[in-house]
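Enquirer: when you get a sec, could you give me coordinates for this:
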Amino acid sequence: MLLPYLEANRLEAGCDEVGRGCLSGPVVAAAVILPNGYKNKWINDSKKLTKRNRSELVSEIKENCISWGIAEASIEEIDQINILNASFLAMERAICSLSVVPDHLLIDGNRFKSSLTIPFDCIVKGDGKYVSIAAASILAKVYRDAYMEELAERFPCYGWDKNAGYPTAAHRAAIQSHGASPFHRKSFRLLPDQLKLDL
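Expert: A predicted model of the protein is given here:
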């Protein structure tokens, strides 16, 4: 079972992002404030859960948390300020969308910067250590996967309903065959160096 807090009796918000390594779509972040000492043996790093498990846990998290927020940074913002800064921006927006201001932030990863004055700790692989970060990872992934599934209906050739925009062999083969869509990140290397793509 994951740890319920970094420091007891403090309002902590776990924050995580999803979609940083994708070739298409926005980067999505979520922030979650859980009651101090909240435990749930099923909540874990979203990558370790099945799609069904994640979907079932969304309502559990939203019903039991003090506050939750989801936000994104667009493809245009990713291309303009780079994916790392866009990830920070999405996390800041998710934190700002919380209905309660947390005392402290638990950020998944090793870096974070924002205009916020809330103190924070960066925790490497935090989504496998702290329940609030894991809860945020679940909300962000379910939201983004659903978004990519909707886009897949408009652009079925890329298989976004299966790969969520990640650089699978099938996804790259589709880019080579059909070219890039308006939802691909132009600042990313969409194809290996030996293949050419006219953007």
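Enquirer: flag the shaky bits of this protein, pLDDT-wise.
Expert: 193-199 (pLDDT under 70).
Enquirer: mind running it again at 80?
Expert: Across the chain, the ranges flagged by pLDDT under 80 are 192-199.
Enquirer: would you map the strands across it?
Expert: Taking DSSP state E, the strands of the chain run over residues 12-18, 27-33, 67-73, 104-108, 120-123.
Enquirer: now these in a markdown table, with distance to L3 and mean neighbour count?
Expert: C-beta: built from backbone N, CA, C; applies to glycine. What follows is these, written out as a markdown table (distance: least, C-beta to C-beta, whole Å; neighbours: other C-beta atoms under 10 Å):
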| stretch | distance to L3 | mean neighbour count |
| --- | --- | --- |
| strand 12-18 | 11 | 29 |
| strand 27-33 | 14 | 31 |
| strand 67-73 | 19 | 22 |
| strand 104-108 | 10 | 24 |
| strand 120-123 | 10 | 16 |
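Enquirer: the ones you listed: which one's closest to N85?
Expert: N85 sits nearest to strand 67-73 of all these, at 8.4 Å, using C-beta to C-beta.
Enquirer: select the longest helix from the chain.
Expert: In the chain, with assignment by DSSP state H, the single longest helix is helix 131-154.
Enquirer: any chance of CSV for the strands of the chain, columns distance to P192?
Expert: Below are those laid out as CSV (distance: least, C-beta to C-beta, whole Å):
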stretch, distance to P192
strand 12-18, 24
strand 27-33, 23
strand 67-73, 26
strand 104-108, 29
strand 120-123, 32
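Enquirer: right, and the ones you listed - which one's nearest R52?
Expert: strand 12-18 (17.6 Å).
Enquirer: strands paired with that closest one, and their directions?
Expert: Paired neighbours of strand 12-18 in the sheet (DSSP bridges): strand 27-33 (antiparallel), strand 104-108 (parallel).
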